[in-house]
Structure formats: structure tokens, C-alpha cells
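J.: just the structure for this:
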Amino acid sequence: MLQTPALFTPLISVAEHANPTTLIFRGDELLLRESDLSPVYGTVPSSMEILSGQIHPVGMLGDRYFQTAWVERNVAPTPGYSFKKLRSLFGVIDDHLVGIAARACQIAEWARSHRYCGACATGTELVKGERCLKCPACGMVAYPRISPAMMVLIRKGDAILLARHTASPTNRFSALAGFLEAGESIEEAVHREVFEEVGLKIHNLRYFGSQSWPFPHSLMIAYTADYLSGEIHIDENEIAEARWYGPADPLPEYAATISIAGALINSHLSAAARK
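T.: Predicted structure coming up:
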């Protein structure tokens, strides 16, 4: 799944390094060299017009120091480079680099979107020793935003429920998913989202795992659950199609294995194959 390497060491404070790797983002696009899809090594190109306050530490992998920076949407890439959608790089560049870039993307988006205080519009300042921006006028603080989202694979005997979400950038099917609302537990959100999206009641929730998902700042928390009652009635604003898939049914194209959704589905298929 998408994750930072086990030997990666996160850093909050800037480290002196002769040859940093700079992951430069324009929204969710990463600047890469066109010839070999490598990020910026060494000096940041002056043509990108990146100010020192736009550069933030990410961490170390071995002796390689990673930092990240953001640019405005209208900034053109430096010659020999191009911006690539982070999602399009899954399976294309090294998985370790994708994992670090995913972390860097969230840091860059936090820094870009919290330049000014959301309460009084004063320019914010970095807090020493913390990943935090603070307003010098009113004291409001802003840490990197993390938006929890639930995911659940529903089982009905040997069948599983797969759905195609209307907001998905692909036509792939996946487990059901949705964001938590204020005041909800994850379990409450699972039950609510399932009923809202497909009209079903479920039980026997079991935690599967979690995964950071930088689009732009989600934490996916995945469960399995068993069908309890109801017939499928989709919310057409959220779900384009949903149906049960049993062992004898050909599966549709489903979520990539780099996502927790793919891991969740594959885990069920592996368990079913062992029966």
C-alpha cells in the first residue's frame, strides 16, 4: 500500500544538506525531470521563483534529505521538467519515492493553504520545533489538516459489495467510503454511510487497517462488515453503480493495490480462495 518507507525518518526542523531532494508541488502535481522522472536534486531552479518560506523539511531516507516546496497554480515548469499528477505516478516511479512524495504533498498543501490566519488574515509564522503555523496577532494555530474517512467491504455469505463512486477519477469499483461528520465515531460513520449510499444495514464490524491518502489530506480507516438486512438502493449523487459479486462472478476493474481499497478487496479474495 501507499506508505513511507520503514527506514524513513521524518523531520520537522530544517537540516543542512549539500544535495537535498526537493519535491516541488503545484497543487497535486509533482515536478519531475522529463528524461527519467526524477525530482529536483541539489539547487532549486531559480526559474521556479520559490521563496525560502515555501520550502519545508520532510525527512531522511538513508543519507538522502527530502524537502518540499509549493508553487502557485500558474507557475510553469522549468525547462526539462514537467508537472505530473501524483496519482498518475503509482506504479510508474519507485514506491519509496511515491510514499515520501505523498507525505510531502500534504505538508506542501498545509503550508500553502495556511499562509494567512483564518481568523484575522494576518500572515502566519512557523513555530520552532513543531509542524505548526501560528498567527502572531491573535494566536490561532494551524497544524497539518488530516480528514478521517471510513471504508468498508461488506460481505454477504461469499459475496462482496463493490460500488463505483460518482466522484471517482477512474471507472474502477471499490469498497464503500465516506468522510466522518463532526461528532461521529468511525463506527457510527460506517453505519451511516452504508445506509445513505446503498440502503443496507450491517453488523460485525472488524478493523482492517489505515492508510494516509494525500488527496489532499485524508486518513482512510478500513473495516470489513457483514450484511444484516435491506435491499440495494443507491444514492445517485454518490454512487453510480453497486452490486454483489460472488465467487462465480467476473470481477470488475477495482481499486489499485497501492490503495487500501485494493488491499482490502484482495485480502478477502485471498481468504475466499483458501476455503
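
J.: going forward, measure contacts between C-alpha atoms and count neighbours the same way
T.: Noted.

J.: show me the contacts for residue 203.
T.: The neighbourhood of residue 203, defined by CA atoms under 8 Å, 6 or more residues apart in numbering, consists of 225-228.

J.: residues in contact with the lengthiest helix in the chain?
T.: Determined from DSSP state H, the single longest helix within the chain is helix 95-113. Contacts to helix 95-113, defined as CA under 8 Å, 6+ apart, come from residues 2-5, 23, 25, 27-28, 54, 56, 58, 67-70, 86, 89-90, 143-145, 213-214, 216-217.

J.: just the buried subset of these, written out for ChimeraX, thanks.
T.: Provided next is the ChimeraX selection string for whichever of those are buried by 16 or more other CA atoms under 10 Å:
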select :2,3,4,23,25,27,28,54,56,58,67,68,69,70,86,89,90,144,213,214,216,217
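
J.: and the helix or strand containing residue 69, how far from the chain's centre?
T.: Taking DSSP states H and E as the criterion, the element that holds residue 69 is strand 64-70. The offset between the C-alpha centroid of strand 64-70 and the centroid of the whole chain comes to 18 Å, using CA atoms, centre = their mean, to the nearest Å.

J.: for the very next helix or strand once past it, the averaged confidence score.
T.: Per DSSP H and E, the first helix or strand lying C-terminal to strand 64-70 is strand 81-85. The predicted model gives strand 81-85 an average pLDDT of 96.

J.: list the buried residues for strand 81-85?
T.: Neighbour counts using 16+ other CA under 10 Å place 81-84 of strand 81-85 among the buried residues.

J.: among the contacts of helix 95-113, which ones are in strands?
T.: Per DSSP state E, strands hold the following members of the contacts of helix 95-113: 23, 25, 56, 58, 67-70, 213.

J.: what ranges do the strands span in the stretch 101-250 of the chain?
T.: Per DSSP state E, counting those that start in this stretch, the stretch 101-250 of the chain has strands spanning 125-126, 133-134, 141-142, 147-156, 159-165, 176-179, 201-213, 218-229, 239-245. These are given in chain order.

J.: I'd like to know which elements whichever helix or strand comes after the last one is packed against.
T.: Tracing the chain past strand 239-245, the next element assigned as helix or strand by DSSP H and E is helix 260-274. The helices and strands touching helix 260-274, judged by 3 or more CA pairs under 8 Å, 6 or more residues apart in numbering; DSSP states H and E, are strand 147-156, strand 201-213, strand 218-229.

J.: winner for burial among the ones you listed?
T.: Between these, the one whose residues have the most neighbours on average, counting mean count of other CA atoms under 10 Å, is strand 147-156 (a mean of 22).

J.: quickly run through the sheet partners of that strand, with directions.
T.: Using DSSP bridges, the strands paired with strand 147-156 in its sheet are strand 159-165 (antiparallel), strand 176-179 (antiparallel), strand 218-229 (parallel).

J.: run through who's touching the first one.
T.: Looking back up the chat, that one is strand 159-165. Contacts with strand 159-165, where a contact means CA under 8 Å, 6+ apart, come from 153-155, 171-176, 238-247.

J.: how big is the angle separating that strand from helix 260-274?
T.: For strand 159-165 against helix 260-274, the angle by axes from the mean of the first three to the mean of the last three CA atoms, to 10 degrees is 160 degrees.

J.: sweet, I'm off.
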